[in-house]
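Undergrad: just the structure for this:
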Amino acid sequence: MQRFTEIYDRITAFLSGRIIESLALLLTRLALAGVFWRSARTKVVEGTALEIDETQYYLFEEFGLPLPTDIAVPLTTYAEHFLPALVALGIGTRFGAAGLLVMTMVIQIFVFPEAWWPTHALWAAMALILISRGAGIFSFDALVTKLRR
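TA: As a prediction, the model looks like this:
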């Protein structure tokens, strides 16, 4: 029985270690960033980097956001490109994840209030994990921290 307990303890130590956690955080970063990146790409003219599709202004008018449409559309489009890039690369991950959490809540409250359980709760959970745990060792954040020491 003691042998079994030792093996269990070793496996548990490995699974709760930095490598596995960092792999999980990397997957979380890529999953959350992917959701917002794909959304961002639907807001721009196909074949361009950041030229906003004019139809976005009409769509945003229907949402009834508390910001004027001429501010909300570019702000959302650029944030949905910039923040996922930060999160995916692990650059300022907590800041980027916090921004995506705010965007998630705006979408939840003003755009799709019926989508909490099927979608937005998952996005919020991923963002909160990244805010609380950071990017892990497979990130630019970790490299910067290591170089600062």
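
Undergrad: list the contacts for the residue nearest the centre of the chain?
TA: The centre of the chain sits closest to residue 32, judged by CA atoms, centre = their mean, with a distance of 3.7 Å. Contacts for residue 32 (CB atoms under 8 Å, 6 or more residues apart in numbering) come out as 84, 87, 97, 100, 123, 126-127, 130. C-beta here means a position set from N, CA and C on the backbone, and glycine is covered the same way.

Undergrad: quick check: which element contains it?
TA: According to DSSP states H and E, residue 32 maps onto helix 18-41.

Undergrad: pull the CA atoms of that helix into PDB?
TA: This file holds the C-alpha atoms of helix 18-41, laid out as PDB (Å, rounded to 0.1, in the frame of the first residue of the first chain):
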ATOM      1  CA  ARG A  18       4.800  24.000 -13.500                       C
ATOM      2  CA  ILE A  19       5.100  22.200 -16.800                       C
ATOM      3  CA  ILE A  20       1.600  20.700 -16.900                       C
ATOM      4  CA  GLU A  21       0.100  23.900 -15.500                       C
ATOM      5  CA  SER A  22       1.900  26.000 -18.100                       C
ATOM      6  CA  LEU A  23       0.700  23.700 -20.900                       C
ATOM      7  CA  ALA A  24      -2.900  24.100 -19.600                       C
ATOM      8  CA  LEU A  25      -2.400  27.900 -19.400                       C
ATOM      9  CA  LEU A  26      -1.000  27.900 -23.000                       C
ATOM     10  CA  LEU A  27      -4.100  26.000 -24.200                       C
ATOM     11  CA  THR A  28      -6.300  28.400 -22.300                       C
ATOM     12  CA  ARG A  29      -4.600  31.400 -23.800                       C
ATOM     13  CA  LEU A  30      -4.900  30.000 -27.300                       C
ATOM     14  CA  ALA A  31      -8.500  29.000 -26.900                       C
ATOM     15  CA  LEU A  32      -9.600  32.400 -25.500                       C
ATOM     16  CA  ALA A  33      -7.600  34.400 -27.900                       C
ATOM     17  CA  GLY A  34      -8.900  32.300 -30.800                       C
ATOM     18  CA  VAL A  35     -12.500  33.200 -30.000                       C
ATOM     19  CA  PHE A  36     -11.900  36.900 -30.100                       C
ATOM     20  CA  TRP A  37      -9.500  36.800 -33.000                       C
ATOM     21  CA  ARG A  38     -12.000  35.000 -35.200                       C
ATOM     22  CA  SER A  39     -14.600  37.600 -34.200                       C
ATOM     23  CA  ALA A  40     -12.300  40.400 -35.000                       C
ATOM     24  CA  ARG A  41     -11.600  39.100 -38.500                       C
END
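
Undergrad: good, we can wrap up now.
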